[in-house]
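Enquirer: Build me a model from this:
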Amino acid sequence: MTDPAALLQAARQKGLRIATAESCTGGMISAALTDIAGSSDVFDRGFVTYSNAAKSDMLGVSQTTLGAFGAVSEETAREMAEGALARSAAQLAVSVTGIAGPGGSDFKPEGRVCFGLAQSGRPTRCETVDFGPLGRANVRKASVAHALALLAQALGQTGGQFGG
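Expert: Have a look, this model is predicted:
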């Protein structure tokens, strides 16, 4: 897993602040970052928006998007990340929305998680990862690890789709 301390140091060196917008992880990404002493100079805030109403009220996710694509979609992840960026003092925001389980459907199976990454001055990126039916706790842990890796990539710590 990406080292949260190294991630925070990379953001610190670039003068960037981070925000999170979380649904299925329920604040676990924020917790991973704020477990590090001194994180307050980099971590601005986290939004835990578990319900559709919270996604709309706190992050500005449109009812049209939620109605057309559902909460577990790249479209919603995009609006969550962009909403977190717009409603914070951060220049980098990651979002996560998915089905941790148990349950799901043929269309949206357990373990499907959508991620968004918004950064000031750059296009928002989104992706969907199917972790599979690992069980609720493991899907959530995998989602946190993936979100931290996306932040690290955005900060130039590793290569990959979100690098830069």
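Enquirer: If you count residues, where's the longest helix of this protein?
Expert: helix 136-154 (DSSP state H).
Enquirer: how far does it sit from the chain's center?
Expert: 8 Å (Cα atoms, centre = their mean, to the nearest Å).
Enquirer: Remind me what it packs against, helices and strands.
Expert: Other helices and strands packing on helix 136-154, by 3 or more Cβ pairs under 8 Å, 6 or more residues apart in numbering; DSSP states H and E, are helix 4-14, helix 28-34, strand 92-98, strand 112-119, strand 125-130. From N, CA and C alone the C-beta is placed, and that goes for glycine too.
Enquirer: can you pull up the bridge partners for the spatially most central residue of the chain?
Expert: Compute the mean C-alpha point of the chain, and by Cα atoms, centre = their mean the closest residue is residue 95, 2.3 Å away. Judged by DSSP bridges, the bridge partners of residue 95 are residue 21, residue 116.
Enquirer: Surely it touches residue 77?
Expert: Yes - counting by Cβ atoms under 8 Å, residue 77 is a contact partner of residue 95 at 5.0 Å.
Enquirer: Identify the contacts common to these two.
Expert: Counting by Cβ atoms under 8 Å, 6 or more residues apart in numbering, the shared contacts of residue 95 and residue 77 are 115, 116.
Enquirer: Pull out the buried positions in the longest helix of the chain.
Expert: 136, 139-144, 146-154 (16 or more other Cβ atoms under 10 Å).
Enquirer: Now do that helix against strand 92-98, angle only.
Expert: Relative orientation of helix 136-154 with respect to strand 92-98: 150 degrees, computed using axes from the mean of the first three to the mean of the last three Cα atoms, to 10 degrees.
Enquirer: can you give me the angle helix 136-154 makes with helix 4-14?
Expert: Using the same axes, to 10 degrees: helix 136-154 against helix 4-14 is 30 degrees.
Enquirer: Near residue 41, how many residues? Count them for me, please.
Expert: 10 (other Cβ atoms under 10 Å).
Enquirer: before we move on, what about residue 29?
Expert: Residue 29 has 28 neighbouring residues, counting by other Cβ under 10 Å.
Enquirer: what helix or strand is the residue in the chain sticking out farthest from the centre on?
Expert: In the chain, the residue that sits farthest from the middle, by Cα atoms, centre = their mean, is residue 106; the gap is 23.8 Å. Under DSSP states H and E, no helix or strand contains residue 106.
Enquirer: and if you look at residue 16?
Expert: Counting by DSSP H and E, residue 16 is found in no helix or strand.
Enquirer: Report pLDDT for the nearest residue to it once chain neighbours are set aside.
Expert: Distance criterion Cβ to Cβ, 6 or more residues apart in numbering; nearest residue to residue 16, sequence neighbours excluded, is residue 91 at 4.7 Å. On the pLDDT scale, residue 91 is placed at 98.
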